[in-house]
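build me a structure from this.
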Amino acid sequence: MSYVVIAKWIARDGHEDAVAEAIRKLIPPSRAESGCLEYRAHQSVSDSLVFLLYEEYVDEAAYGAHAESGHFARHAIGEGIPLLKAREREFYTSMDADPPPVP
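Okay, the predicted model is just below:
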């Protein structure tokens, strides 16, 4: 079973471009993590302040490694999260018996 995180970031007014840039910087190194199966970022078409991150890891420990990584500290904690008015996270496990292979 894989470990899935759905994160919703809501930028403060006027900060959506900077939040989007911080997220763009997170994507390549997050996808390159050995335990990352999927890392997708989305921006709402109806409200440019709202971002949705879909993250899938081989297990909860891989997500923990992501949360402790240098690029997460730099781009999420250091750049993006301080510009948010709200941040929500939901955690799931897949219902598949076997996770997809790590690319």
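
all strands of the chain, in order?
3-11, 36-43, 50-57, 84-93 (DSSP state E).

can you redo these as a markdown table with distance to residue 73, mean pLDDT and mean neighbour count?
Just so you know, the C-beta spots here come from the backbone N, C-alpha and C atoms, and that holds for glycine as well. Rendered in a markdown table, the data for these read as follows (distance: least, Cβ to Cβ, whole Å; pLDDT from 0 to 100; neighbours: other Cβ atoms under 10 Å):
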| stretch | distance to residue 73 | mean pLDDT | mean neighbour count |
| --- | --- | --- | --- |
| strand 3-11 | 16 | 98 | 19 |
| strand 36-43 | 16 | 97 | 16 |
| strand 50-57 | 16 | 98 | 19 |
| strand 84-93 | 15 | 97 | 12 |
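
the closest residue to residue 37 other than its chain neighbours pairs with what?
In space, residue 37 comes closest to residue 56 once its chain neighbours are excluded; the distance is 4.3 Å by Cβ to Cβ, 6 or more residues apart in numbering. Bridge pairing for residue 56 (DSSP bridges) gives the partners residue 4, residue 38.

could you dump the strands of the chain to CSV with distance to residue 29?
Below are the strands of the chain laid out as CSV (distance: least, Cβ to Cβ, whole Å):
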stretch, distance to residue 29
strand 3-11, 16
strand 36-43, 9
strand 50-57, 13
strand 84-93, 19
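
circling back: who's in contact with the residue nearest to residue 37?
Counting by Cβ atoms under 8 Å, 6 or more residues apart in numbering, residue 56 touches 2-5, 36-39, 94.

residues contacting the residue nearest to residue 91 when sequence neighbours are not counted?
Distances taken as Cβ to Cβ, 6+ apart place residue 5 nearest to residue 91, at 5.8 Å, with adjacent residues excluded. Contact analysis of residue 5 by Cβ under 8 Å, 6+ apart lists 53-57, 63, 89-92.

ok, residue 5 to residue 18 distance?
22 Å (Cβ to Cβ, to the nearest Å).
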